[in-house]
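> prediction below, plus the sequence it came from.
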Amino acid sequence: MFNEDQLEEIELGIIAGVDVSIYAKPEFDSEQMLHIRAGLERGIDVSIYANPEFDSEQMYEIAWGMVCGLNVSVYAKPEFSWEQMREIRERLWEEKKSV
């Protein structure tokens, strides 16, 4: 059901005391699990990106935007590539800094 890397992410989540049921699903690969676990450990709302339609790079861009306090709903859409998400995130960050 789970491969060794997925099991390791689940174990790390248990050790960290986060709700692993959010990501302990075979449809998430270990990299996706890592980004969801990291978000849970940071206390951010991972429900925005804990979706197997997002690849791990997309999850990273969404999570990073959330950590920066950006409105990620602008780009947290599976149809955007991670490169497009990064471009939008960086633009949002620049706008936020200039206010």
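Nice, I can see it.
> tell me the secondary structure at residue 79.
The three-state label given to residue 79 by DSSP: H, G, I helix; E, B strand; the rest coil is coil.
> is there a neighbour count for it? I'd like the number.
7 (other C-beta atoms under 10 Å). Just so you know, the C-beta spots here come from the backbone N, C-alpha and C atoms, and that holds for glycine as well.
> numbering from 366 from now on, please.
Sure, I'll start counting at 366 from here, so that last one is residue 444.
> state the distance from it to residue 436.
Separation of residue 444 from residue 436 (C-beta to C-beta, to the nearest Å): 18 Å.
> output the helix of greatest length in the chain as CSV - backbone C-alpha positions only.
In the chain, with assignment by DSSP state H, the single longest helix is helix 447-462. Presented in CSV, the C-alpha positions along helix 447-462 are these (Å, rounded to 0.1, in the frame of the first residue of the first chain):
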residue,chain,number,x,y,z
TRP,A,447,4.5,25.3,-10.3
GLU,A,448,6.4,27.7,-12.5
GLN,A,449,3.3,29.8,-13.0
MET,A,450,2.5,29.6,-9.3
ARG,A,451,6.1,30.8,-8.5
GLU,A,452,5.8,33.8,-10.8
ILE,A,453,2.4,34.8,-9.3
ARG,A,454,3.7,34.2,-5.8
GLU,A,455,6.8,36.4,-6.4
ARG,A,456,4.6,39.1,-7.9
LEU,A,457,2.3,39.0,-4.9
TRP,A,458,5.3,39.2,-2.6
GLU,A,459,6.6,42.3,-4.4
GLU,A,460,3.2,44.0,-4.2
LYS,A,461,3.0,43.2,-0.5
LYS,A,462,6.4,44.6,0.1
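> buried sites along it?
447, 450, 451, 453, 454, 457 (16 or more other C-beta atoms under 10 Å).
> which residue, other than its chain neighbours, is closest to the most centrally placed residue in the chain?
Nearest to the mean C-alpha position of the chain, by C-alpha atoms, centre = their mean, lies residue 424 at 3.4 Å. Of all residues not flanking residue 424 in the chain, residue 400 sits nearest, at 3.9 Å (C-beta to C-beta, 6 or more residues apart in numbering).
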